[in-house]
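In: Sequence isn't available, so here's the structure alone:
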């Protein structure tokens, strides 16, 4: 984990890939629990038998499940000290490029894109690429925006 003493130090990392999270295995239980939480029970996610004969050869994680892992994965990559709190401000761009098959391991790799100092917060834009272990194409690429209040 990379620790920044303050937002100004984070600003020095603009344009830099600052790290990767640990690998996280996506099992069927996680997929099923996400389906229950969101009401998205499409067979490609939850019907293991039918999915064996489907386009991916197994169930796959929801794209939004992959996206929802970003807060936890990014906190493994970096931390900013000297702030009161950080909040998710939103997303500028998200693309789901490659399906995450059940049993696959994913991780996030993060690049700092922009750091903007405002009156009482610092707005940070990063690109997070969610990689699938053993696969060239990433599962997803998302540009996230966070605000750190000083």
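Out: Structure's in. What do you need? Bear in mind the structure is a predicted one, so any value in this text is a computation, not a measurement.

In: so where do the helices sit in the protein?
Out: With helices called from DSSP state H, the chain shows them at 7-11, 28-38, 43-46, 48-52, 63-68, 70-75.

In: Put together a markdown table for these, with distance to residue 134 on each row.
Out: Heads up, the C-betas are built off the backbone N, CA and C, glycines and all. Formatted as a markdown table, the helices of the chain follow (distance: least, Cβ to Cβ, whole Å):
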| stretch | distance to residue 134 |
| --- | --- |
| helix 7-11 | 32 |
| helix 28-38 | 19 |
| helix 43-46 | 21 |
| helix 48-52 | 20 |
| helix 63-68 | 16 |
| helix 70-75 | 18 |
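
In: To residue 112, which of those lies closest?
Out: Of all those, it is helix 7-11 that lies closest to residue 112, at 6.8 Å by Cβ to Cβ.

In: Can you name the residues in contact with the worst-scoring helix or strand of the chain on mean pLDDT?
Out: Least confident helix or strand, the chain: helix 7-11 with a mean of 91, by mean pLDDT, DSSP states H and E. Residues outside helix 7-11 that contact it (Cβ atoms under 8 Å, 6 or more residues apart in numbering) are 4, 78, 80, 82, 83, 112, 115, 117, 122, 124, 148, 150.

In: Filter those down to the buried ones.
Out: Buried members of those, scored by 16 or more other Cβ atoms under 10 Å, are 4, 78, 80, 83, 112, 115, 122, 124, 148, 150.

In: and which of the contacts of helix 7-11 is nearest to residue 89?
Out: Of all these, residue 89 sits closest to residue 124, with 8.8 Å by Cβ to Cβ.

In: who's in contact with the closest one?
Out: Contacts of residue 124 by Cβ under 8 Å, 6+ apart are 7, 10, 80, 112, 114, 115, 116, 145, 146, 147, 148.

In: what do you get for residue 30?
Out: 61, 65.

In: quick one: it from residue 96, how far?
Out: 17 Å (Cβ to Cβ, to the nearest Å).

In: Kindly report the same for residue 146.
Out: Taking Cβ to Cβ, one finds residue 146 at 21 Å from residue 96.

In: State the number of residues packed around residue 11.
Out: 16 (other Cβ atoms under 10 Å).

In: State the distance from it to residue 88.
Out: Residue 11 is 19 Å from residue 88, by Cβ to Cβ.

In: starting at the chain centroid, how far to stretch 92-105?
Out: The chain centroid and the centroid of stretch 92-105 are separated by 10 Å under Cα atoms, centre = their mean, to the nearest Å.
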